[in-house]
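Undergrad: Have a look at this prediction, sequence included:
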There are 2 protein chains.
Amino acid sequence: MKYQYSTKVPVSNTDPVGDLLRAAANPDIISFAGGLPAPELFPVEQVQEAANQVFQEKGMTALQYGSSKGTPELIKVVADRLAIDGIQADTEHIMISTGSQQVIDLTGKLFLNEGDTVIVEKPTYLCALDVFKSYGANLVSVEMDEDGMKMDQLEKALTDHPETKLLYTIPSFQNPTGRTMSLERRKKLALLAAEYDFIVLEDNPYGAVRFEGTPLPAIKSFDQTGHVIYTSTFSKILAPGLRLGWVVAPKELIEKYMVMKQSADLHSDVLSQYIVAKFFENNDIESHVAKITALYKERKDLMVDAIVKYFPKTVTYSRPEGGMFIWIEVPGITDTQKLSDYCIKNDVAFVPGEPFYCDEIVPGTFRLNYSNMSPEQIDIGMKRLGEAIEKILTEG
Amino acid sequence: MKYQYSTKVPVSNTDPVGDLLRAAANPDIISFAGGLPAPELFPVEQVQEAANQVFQEKGMTALQYGSSKGTPELIKVVADRLAIDGIQADTEHIMISTGSQQVIDLTGKLFLNEGDTVIVEKPTYLCALDVFKSYGANLVSVEMDEDGMKMDQLEKALTDHPETKLLYTIPSFQNPTGRTMSLERRKKLALLAAEYDFIVLEDNPYGAVRFEGTPLPAIKSFDQTGHVIYTSTFSKILAPGLRLGWVVAPKELIEKYMVMKQSADLHSDVLSQYIVAKFFENNDIESHVAKITALYKERKDLMVDAIVKYFPKTVTYSRPEGGMFIWIEVPGITDTQKLSDYCIKNDVAFVPGEPFYCDEIVPGTFRLNYSNMSPEQIDIGMKRLGEAIEKILTEG
């Protein structure tokens, strides 16, 4: 039969990034395409120990229905962590979510009518773009430099679109660029949100994974007016398979999020919530995160060294101080997909820039992930990639 | 600040059912209000054993990101179970979801534009009504009898609303009524869906928990045209805290559901998916379900006996052959909320009928849950409830 979908459902089922990731899953391919944490650092034994304690202490409760807000134990873990980002909030300002992806989706559902303007970084996280498109948003992108979204460009966008409803930003070690918004711009963004009366959704999955430079307070920490909503996740500091994140917002909004979440999935996995809370009770999370940052710094340094060693001198690249990604721009490459196809044939993969842009695409850009490959794989893969760039540049 | 929500967000934060359930959580209150399985039957030790095997055999994979479709192991468990409902489908027709609630939500997102007509049973599951309202649906309810939705009334509704996009039904041991759609009506509904070209969302969380009568094939088993989407869950046969359900649909639709799910929460909890699959590998699910049905039958029989013993003779009640609910109608009660308030003060709770209706409300109706209270609690609670009904009827 011919199905009559909602007008907001994409007509095409094509999923070039999905296809790419499936191709790159071939073990012969060295893949810088995914966005996966290093699994060898997952604290499997400690999570198992936490799970066994949960089964013994409250097995029946962990398997029963729970609350949309989340378990009190995990909400307390989150509340205690917010100080790291300079955020003052108590438990009534927190809801547990099924990953921070759910917070992006529920935020769209909560605020967006068809045609509402949403400002995003250029480029930005592609699954956030998908969410905002699914609510019929009018997407407007603002250019970045190494200090994040440019505030003069943002003011121009706000002047052009004074009706802007929402701004989405990943201020620390952004996906896909690895860039971090400066302290000054964080303060400025909080002020602009109040002045132009729009909501900022501050998505901070990577902030805790900082291996260089000085930690910066969250944009939320400068929010005096309730315009900033903050979300983060356990995916990058513990394990993404458990699908647990959180949202921090004024109490009025948390109540609305709970209503939305009840419709979406009733509540997040209770067993996993108890396991994570117990893991935090048993272990020093900071020493665990220190292992992650040490490994990621090593891999980032290797990748930057390889860029210098194997890539043409005209290539520009971002300098991440944390997180999982480096953003590359190769002047002279007009068809990044051609480069990607050639690379896949030569057993190396990356994600071309196109899906991270919502309007004008900067050609010759792509994202490299360094967290998920070994030092040897990074060196060999970057050599292959450098050779591919030279070849495509030469062939034109 | 004054937040500008999407027009589809309920203006009011009032949640009478939530308030009731919170009040009923007081341990002094005997609560027939919730919809919780009996936790004493959760196979905690077997789930723990399965978890330990998962950590040992594939701990890193269980903690890593997964696929929107679900783990192959759990999809196979689902595929093998579909024969119970007479459904022929293979793994490409299945997606794992974060509970069947997520399937209801994604189905709304996939098909509904504002103003689209959705037909529901009168009364029906209140969180499904919330979902359809959140997509701006025009809700039309069709009356039921002890054999489920009345097909002549449905045909009338379809004649009045030939543009109907979606029909939502819980055919077995329905929430809130406990009623089951007859075999004849199941066949008829599949034919009407093809004739009037609307989608049937068949929600079957309770079907496996049958303690009397003859198992019936799913509506989906009579679908020759791809008009029926089927969803179910592990919540009632294993544990709701793990938040795992599934959807069965034509391949084209499963691909769309995966796109929607990626935006909603990327994928469901991977650890829990592996645990449930391992539980099914280790244990005979049918003997576990047999324990559940034996207990629920005992409690249902006790509750029916108590209705006969303690309630006025004018009261009518449904005769569930499975599931967790009995539906009561007390002629002469016009203000069910008054009865509920009085009951809470007298330490017994139920859910008044109102939130289960999307249009005209039948006064004097309410839902009783029998799965979550002990035999002693059922007897004492029903006695209190009978006395309360008598008092409110006398006082008028």
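TA: Looks like it came in fine. Numbers count the residues shown, from 1 in each chain, chains lettered A, B, ... in the order given.
Undergrad: Could you give the backbone dihedrals for residue A:202?
TA: With angles defined as degrees, to the nearest 10, residue A:202 sits at phi -90, psi 110.
Undergrad: which residues pair with it across the strands?
TA: In this structure, residue A:202 bridges to residue A:169, residue A:230 when assessed by DSSP bridges.
Undergrad: Next one: it from residue B:157, what distance?
TA: According to CB to CB, to the nearest Å, residue A:202 stands 46 Å off from residue B:157. Glycine gets a C-beta too; all of them are placed from N, C-alpha and C.
Undergrad: what's the answer for residue A:139, then?
TA: In terms of CB to CB, residue A:139 sits 39 Å off from residue B:157.
Undergrad: if you count what's nearby, which of these two comes out ahead?
TA: Comparing residue A:139 with residue B:157 by other CB atoms under 10 Å in any protein chain shown, the one with more neighbours is residue B:157, at 21 against 18.
Undergrad: Figure out the helix or strand that that one lives in.
TA: helix B:151-160 (DSSP states H and E).
Undergrad: Name the surrounding residues that touch that helix.
TA: Outside helix B:151-160, the residues that touch it by CB atoms under 8 Å, 6 or more residues apart in numbering or on different chains are B:119, B:140, B:142, B:143, B:164, B:167, B:185, B:188, B:189, B:192, B:196, B:198.
Undergrad: Now do the phi/psi pair for residue A:119.
TA: Backbone torsions for residue A:119, taken as degrees, to the nearest 10, come to phi -100, psi 130.
Undergrad: Phi and psi next, for the residue lying closest to it once chain neighbours are set aside.
TA: Excluding the flanking residues, the one nearest residue A:119 by CB to CB, 6 or more residues apart in numbering or on different chains is residue A:167, at 4.3 Å. Main-chain dihedrals, residue A:167, degrees, to the nearest 10: phi -120, psi 130.
Undergrad: quick one on the thing from earlier: which among the contacts of helix B:151-160 end up buried?
TA: Among the contacts of helix B:151-160, those buried by neighbour count (16 or more other CB atoms under 10 Å in any protein chain shown) are B:119, B:140, B:142, B:164, B:167, B:185, B:188, B:189, B:192, B:196, B:198.
Undergrad: Output those as TSV; include the columns secondary structure.
TA: Below are these laid out as TSV (DSSP: H, G, I helix; E, B strand; the rest coil):
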residue	secondary structure
B:119	strand
B:140	strand
B:142	strand
B:164	coil
B:167	strand
B:185	helix
B:188	helix
B:189	helix
B:192	helix
B:196	helix
B:198	coil
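Undergrad: and which of these is nearest to residue B:82?
TA: Taking CB to CB as the measure, residue B:189 is the one of the buried ones among the contacts of helix B:151-160 closest to residue B:82, at 18.6 Å.
Undergrad: Spatially nearest residue to that closest one (excluding sequence neighbours)?
TA: Per CB to CB, 6+ apart, closest to residue B:189 is residue B:219, 5.5 Å.
Undergrad: Spell out which parts of the stretch 151-300 of chain A neighbour chain B.
TA: Within the stretch 151-300 of chain A, the positions near chain B by CB under 8 Å from any CB of the partner chain are A:165, A:197, A:199, A:225-227, A:235, A:239-243, A:252-253, A:255-256, A:259-260, A:262-272, A:275.
Undergrad: List only buried entries from those.
TA: By neighbour count, with 16+ other CB under 10 Å, these hold A:165, A:197, A:199, A:226-227, A:235, A:239-243, A:253, A:256, A:259-260, A:262-272, A:275 as buried.
Undergrad: Which ones among these lie within helices?
TA: Counted as lying in helices by DSSP state H, out of those, are A:253, A:256, A:259, A:260, A:262, A:263, A:264, A:265, A:270, A:271, A:272, A:275.
Undergrad: for the second one, what are its contacts?
TA: Okay, so that is residue A:256. By CB under 8 Å, 6+ apart, residue A:256 lies in contact with A:110, B:5, B:9, B:13.
Undergrad: For chain A, give me the ranges with low pLDDT.
TA: Within chain A, the segments meeting pLDDT under 70 span A:396.
Undergrad: now do 80
TA: By pLDDT under 80, the weakly predicted segments of chain A are A:11-14, A:396.
Undergrad: where exactly do the strands run in it?
TA: Secondary structure of chain A, counting by DSSP state E: strands at A:30-31, A:94-97, A:117-122, A:138-145, A:148-149, A:166-169, A:199-203, A:228-233, A:245-248, A:316-317, A:325-329, A:348-349, A:351-352, A:365-369.
Undergrad: Pipe those strands into a markdown table and attach distance to residue B:206 per row.
TA: Shown next, in a markdown table, are the strands of chain A (distance: least, CB to CB, whole Å):
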| stretch | distance to residue B:206 |
| --- | --- |
| strand A:30-31 | 44 |
| strand A:94-97 | 27 |
| strand A:117-122 | 40 |
| strand A:138-145 | 42 |
| strand A:148-149 | 50 |
| strand A:166-169 | 40 |
| strand A:199-203 | 38 |
| strand A:228-233 | 34 |
| strand A:245-248 | 31 |
| strand A:316-317 | 56 |
| strand A:325-329 | 46 |
| strand A:348-349 | 46 |
| strand A:351-352 | 44 |
| strand A:365-369 | 44 |
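Undergrad: So which of those is the most surrounded?
TA: Neighbour counts (mean count of other CB atoms under 10 Å in any protein chain shown) averaged over each of the strands of chain A peak at strand A:94-97, with a mean of 28.
Undergrad: now what about that strand, what contacts it?
TA: Under CB under 8 Å, 6+ apart, the answer for strand A:94-97 is A:68-71, A:74-75, A:78-79, A:103, A:106, A:231, A:244-249, A:254, A:257-258, A:261, A:267-268, A:273.
Undergrad: picking that back up, pretty sure the residue nearest to residue A:119 is touching residue A:196, no?
TA: No - in this structure, residue A:167 is not within contact of residue A:196 by CB atoms under 8 Å, at 9.2 Å.
Undergrad: buried residues in the longest helix seen in chain A?
TA: Assignment by DSSP H gives helix A:285-310 as the longest helix of chain A. Neighbour counts over helix A:285-310 (16+ other CB under 10 Å) mark A:285, A:288-289, A:292-293, A:295-297, A:299-300, A:302-304, A:306-307, A:310 as buried.
Undergrad: residues near residue A:195, how many?
TA: Residue A:195 - counted by other CB under 10 Å - has 12 other residues nearby.
Undergrad: Can you get me the start-to-end distance on stretch A:214-231?
TA: 21 Å (CA to CA, to the nearest Å).
Undergrad: so how far is that stretch from its chain's centroid?
TA: 17 Å (CA atoms, centre = their mean, to the nearest Å).
Undergrad: residue contacts, residue A:102?
TA: The contact partners of residue A:102, by CB under 8 Å, 6+ apart, come to A:245, A:261, A:264, A:265, B:264, B:265.
Undergrad: that older thread, give me the distance between the residue nearest to residue A:119 and residue A:219.
TA: 10 Å.
Undergrad: any shared contact partners between the two?
TA: A:189, A:200.
Undergrad: What distance do you get for the nearest residue to residue A:145 once chain neighbours are set aside to residue A:374?
TA: Distance criterion CB to CB, 6+ apart; nearest residue to residue A:145, sequence neighbours excluded, is residue A:179 at 7.7 Å. Distance, residue A:179 to residue A:374, using CB to CB: 26 Å.
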